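In: 3D, please:
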Amino acid sequence: MYHRLPVNQPVAFLTMDDGQTQLSDAIPLMRAAHIPFTMFLIAPVAARNPGFFRGMEAAGGVIEDHTITHPEMKGKSYQFQHREVCDARTSLEHTFGKTMTFFRPPYGDYDTTTLRAVHDCGLRAAFDWSETVNNGVVYYQTSTHRIQPGDIILMHFRPAFLADVTAALTAIHNSGLTPALLENYVSFQP
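Out: Numbering: from 1, shown residues only. Just a heads-up that it's a prediction; the model follows:
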């Protein structure tokens, strides 16, 4: 489970969860920002409006797995967790015609059973986060109060999406970093 990636370049990673709020201004904003980002989507939410998320993909985004029902995972049975992860992967792959490789547990709530289910479902890595953004404010998880190279920044598809993207990009820029794509910095073992 990654909350920060070991990197040698001055990069940070912008990630967006869930998908419920799909603002008409989001796609033009991300197109204009011209940055890579990763979307961890709830499969049925994404399936209700795939055109929006395809537009976000075209603007620089990559779609990844965030379960079927967005439950707390920790402490649940292997069968429950396996179904949440695998069924979401299958649904997202069917909807978007691309292979999912990454997973983020809802609420950052996971245990060893979650990680086993992620592996058994064929996903290659799971992610937590280093900072969160909500209502246009960056919340730091450490006393540093600065985004560090390799940090993973979490925001959501919410009504304050535009303010959140602006706050995240400002914090990344003020730290002397550049947004990068998770998949370009995660090493996979054969």
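In: Next, the buried residues of stretch 66-75.
Out: The neighbour-count check on stretch 66-75 (16 or more other Cβ atoms under 10 Å) flags 66, 67, 68, 70, 73 as buried. From N, CA and C alone the C-beta is placed, and that goes for glycine too.
In: okay but the first one is in contact with residue 100, surely?
Out: No. In terms of Cβ atoms under 8 Å, residue 66 does not count as a neighbour of residue 100; the distance is 9.9 Å.
In: Can you pull the residues that touch both of the two?
Out: Overlap of the contact sets of residue 66 and residue 100 (by Cβ atoms under 8 Å, 6 or more residues apart in numbering) consists of residue 88.
In: Scan this structure for its longest strand.
Out: Longest strand in the chain by number of residues (criterion: DSSP state E): strand 11-18.
In: what pairs with it, and is each one parallel or antiparallel?
Out: Paired with strand 11-18 in the same sheet, following DSSP bridges, are strand 37-41 (parallel), strand 152-156 (parallel), strand 178-179 (parallel).
In: Any idea which of those strands gets closest to residue 121?
Out: For the strands paired with strand 11-18, the distance to residue 121 is smallest for strand 37-41, at 14.3 Å, taking Cβ to Cβ.
In: Dump the buried residues of stretch 66-75 into a markdown table; add pLDDT as well.
Out: Below are those laid out as a markdown table (pLDDT from 0 to 100):
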| residue | pLDDT |
| --- | --- |
| 66 | 97 |
| 67 | 97 |
| 68 | 97 |
| 70 | 97 |
| 73 | 97 |
